[in-house]
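S.K.: With the input below, show me the fold.
(2 chains)
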Amino acid sequence: MELFHTIPSIDFLGQRRWVMPVTLLFLVAATGSLLWRGLNLGVDFTGGVVLEYAYPAPAELGAVRATLEGGGFHDAVVQHFGSSSDLLVRLPPLAEGQKGALLSDQVTATLVAADPGVELRRVEFVGPQVGAELAQQGLFALAIAMLGIFVYLMFRFEVKFAFGAIAATFHDVVFTVGWFSIFGIEFDLTVLAAVLAVVGYSVNDTVVVFDRIRENFRTMRRGSPEELMNRAVNETLSRTIMTASTVFVVLIALYFFGGKVIHNFALALLIGLLVGTYSSVYIASATALMMGASRETLMPSKRDEELDALP
Amino acid sequence: MHVNRYPAWKNALIISLVLLGALFASPNLFGDDPAVQVSHATLVGDPSGLQRRVEAALAARGIAHHPAELREGRLQVRFDGTEVQLRAADVLRAELQDPNAVALFLAPRTPDWMRSLGLRPMNLGLDLRGGVHFLLQVDMDAALGQTLERYETDARTLLRSKDINYLVVARDGATVLARFREPTDRDAARTALAGEYPELTLTDVEGAEGAALRLAPSEVRMREIRDAAVQQNITTLRNRVNEIGVAEPIVQRQGADRIVVQLPGIQDPAAAKKILGATATLEFRMVAGPDETSAKMFRERDGNPVALKREVIARGDQVADAQATIDVDTGGPAVSISLDSVGGRRMGATTAANVGKPMAVVFIENLPTTRIAADGSKLTERRRVETVINVATIRSPFSSRFQVTGLEQEEARQLALNLRAGSLAAPVDIVEERTIGPSLGADNIEVGLRSALLGFGLVVLVIGIYYGVFGWLANIAMVFNVMMLIALLSLLQATLTLPGIAGIVLTVGMAVDANVLIYERIREELKRGQTPQAAIHAGFERAFATITDSNITTLIAALVLFGLGSGPVKGFAITLSLGIVTSVFSSINVSRMMINAIYGGRRVERLSV
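M.R.: Residues are numbered from 1 along each chain as shown, chains lettered A, B, ... in the order given. Reported below is the predicted structural model:
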């Protein structure tokens, strides 16, 4: 079976004249939402308590709220989680000096006193200090990952290509995180892990195209950089679509059947996969081209030849 | 002319790596049984008696179980389902009258001969097996405070013994300040202190009230104090965790002042918190006479004030052993105590010199207290509560073995446990808690496996249909990839979490990428008119650099994630990084070997790619 019998000749780079403005528009929307609305940060980053309970029978939210109110937990937010007999109770971040770990026990004791059949399924308590640290570490990790990839690509390719790849990756991250902001989906530690995996995947995808560009620059005597880049994108198109599809079906399985805990994780990866594929076709090469990438920038160095000659 | 054959040694190497993978992955095929682990303090010396009692109790309630086994001094009983396991645990807790004696865990069904070879199944994370994860913050201010208090008393004793006059020696922030009437006294004190405590920095302070000397522990000493506090807390927490009988607990330092505690199978996080954070300890002091000037006021249980001497005869940390028992005279709860040699000698000397005088036992606890803050919210704080539980007249001298009464039964049990396990060098606060109930853990395994199998199946179908024979070879290589990934995870005893399962699934999706790159390249070469053999050769050759570049960049992201990660996220980073390594090996070497075996070294008209 084949997607394309002959290599397609779509003018991807020629489309940058409208692709770039549209992409920028999306990025501005995502950034705007991040600035204005911010992220619906999960308990991992804000600190606070999340408790999951399983009731023996469908539970009335009002009754549970009243029970908690009676126990003195005025700030508790109660909602159904997955089914009508599963409940999620959230308590806001705690002030300095409060012992959140005891708070969760008190909530459980209050609910069990009202209905002995209640089963505690999950507790996530994160102190405000730890939450702030996790958020900080997350941003730091993201920056380090991008930097590491940039440096690697600078050595393996050239700074203009490294810049193109990082621009594409940055686009994917902003778009994915922006999506979570626009739709107010909870952003927790596992989603952050997914965003980092998106970074890995997106660069992976871009590098495949760049490798082909390098090869074309070296082996084809004729053609402008734009033509050769276009050719590279087209040549790798069926691979791009195939790989995106296999990862896509896997993520669909995770999204629908992987359980509530990794639902948002799979969602972040799905969005990242789609925009990552788009960006390595439309953005990475176009950015390198706009930065003035040419045949000369990728003339083979001795080290590269040795590396390429490996079996 | 390319013949596409691997030399025999290369085939042998690849096949042996795959076989090794199969061997190390095999322990995971057996699955595990829900089980309980029973350890009982008073029956430690008589395991077969414990075994008989446990089996009798289960039989009486008609609970079906596998034969009980003794492993490392603890009794393990396996059951056929989680419900039976939970019921059995309740029965055994009631039978042994000790909630801490019974721990739930998953016992791997791996045969003994495999275990003896060091072959173990993957380690399941708490999100898959249930349990609690705590991150404890050690209260360093308290640790420093205790040390300063010790310097304060020691300095006073030293000055008194050298007949140096001082006005007052007291804590002042992170230092101790000693005031003197005469500067000459201060000079004498400085010499004496510098000789005895070289780790203290001594500075003169001139104030309106006369000469003073500031005693400050050096930076190095402060760091030592902090390190020692964390280390001692880890030891104490390990002992406590062992006392409550958790199967496969983890107690580890994290960073400068934090400790991670993971207790798989614990169902009651509240009880675990109580035991981990407990600070209950004892002090023995003489009751102060009416004309005593430096007495300290305490309260008895009923609120009556009682004045005790400042000197402490013995402390909880000098207790060598403690057991909760019943007092023979009153029938009430008691704790029998054996002091270590230093404490025993002090106790012997003091009691011998004070026959006929009253001695008091002070029970010290850090209790959480709740108060309503100004804004109406509840504030929970920890407060040190010291209560005199017992004042008794010394009838005759005693030294290291005696009994303490005046406690409730639960308090006596808790105190005995704390005295045995050692006290915390500094109080700990729980700054993070993640508890997964056992049923949620089981659910997570189920959804994880189901989605993984489904994703895997879909990829196999897509690749098989799209690439024909080559596709199915890639699929076989992918099975080997997953197998080797599981083998590596088992070998390293890395922890598998739910995001970790997602990582495996994602690796499968991405591992195919290498084969896709190679196959697309082969197709291109064929279209260019290359012979099948040359196309295979060029396909693998040319795709190699691309595969390396693209996987190294992903690996960079995965490794950073590993550094960032805690718990589940780390599990994801581990499977992702290891998966990249195994997938490159399997999609390049394993599939090449199979393709060579099928097509290599003969005339091929057409390739099914």
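S.K.: does the residue nearest to the spatial centre of chain A belong to a helix or a strand, and which?
M.R.: By Cα atoms, centre = their mean, the mean C-alpha position of chain A lies nearest to residue A:195, the distance being 2.7 Å. Taking DSSP states H and E as the criterion, residue A:195 maps to helix A:189-219.
S.K.: Run the chain-centre distance for that helix.
M.R.: 14 Å (Cα atoms, centre = their mean, to the nearest Å).
S.K.: what is the orientation angle of the very next helix or strand once past it with helix A:189-219?
M.R.: Using DSSP H and E, the next helix or strand after helix A:189-219 towards the C-terminus is helix A:225-235. Angle between the axes of helix A:225-235 and helix A:189-219 is 120 degrees (criterion: axes from the mean of the first three to the mean of the last three Cα atoms, to 10 degrees).
S.K.: List the buried residues for the following helix or strand past helix A:225-235?
M.R.: Going down the chain from helix A:225-235, the next helix or strand is helix A:237-257, by DSSP H and E. For helix A:237-257, the neighbour count (16 or more other Cβ atoms under 10 Å in any protein chain shown) marks A:237-240, A:242-255, A:257 as buried. Where C-beta positions appear, they are placed from N, C-alpha and C, glycine not excepted.
S.K.: and chain B, which of those contact it?
M.R.: Contacts with chain B within the buried residues of helix A:237-257, counted by Cβ under 8 Å from any Cβ of the partner chain: A:238-239, A:242-243, A:245-254, A:257.
S.K.: quick revisit: could you check how far the residue nearest to the centre of chain A is from residue A:178?
M.R.: Distance of residue A:195 to residue A:178, given as Cβ to Cβ, to the nearest Å: 11 Å.
S.K.: cool, residue B:35 as well?
M.R.: Distance, residue B:35 to residue A:178, by Cβ to Cβ: 48 Å.
S.K.: so who does the residue nearest to the centre of chain A touch?
M.R.: Counting by Cβ atoms under 8 Å, 6 or more residues apart in numbering or on different chains, residue A:195 touches A:142, A:173, A:176, A:177, A:268, A:272.
S.K.: again, only this time at 7 Å
M.R.: Residues near residue A:195 by Cβ atoms under 7 Å, 6 or more residues apart in numbering or on different chains: A:173, A:176, A:177, A:268, A:272.
S.K.: ditto for residue A:205
M.R.: Residue A:205 sits next to A:240, A:276, A:277, A:280 when contact means Cβ under 7 Å, 6+ apart.
S.K.: Tell me where the model's unsure across the chain.
M.R.: Just going to use chain A. By pLDDT under 70, the weakly predicted segments of chain A are A:94-100, A:299-311.
S.K.: not what I meant, chain B
M.R.: Applying pLDDT under 70 to chain B flags the ranges B:1-2, B:40-45, B:72-73, B:99-100, B:245, B:267, B:367-382, B:565-568.
S.K.: What residues does the nearest residue to residue B:358 once chain neighbours are set aside make contact with?
M.R.: Leaving aside its chain neighbours, residue B:358 sits nearest to residue B:287 (4.3 Å; criterion: Cβ to Cβ, 6 or more residues apart in numbering or on different chains). Neighbouring residues of residue B:287 by Cβ under 7 Å, 6+ apart: B:306, B:308, B:358, B:359, B:360, B:391.
S.K.: what's residue B:287 sitting at in phi/psi?
M.R.: Main-chain dihedrals, residue B:287, degrees, to the nearest 10: phi -70, psi 140.
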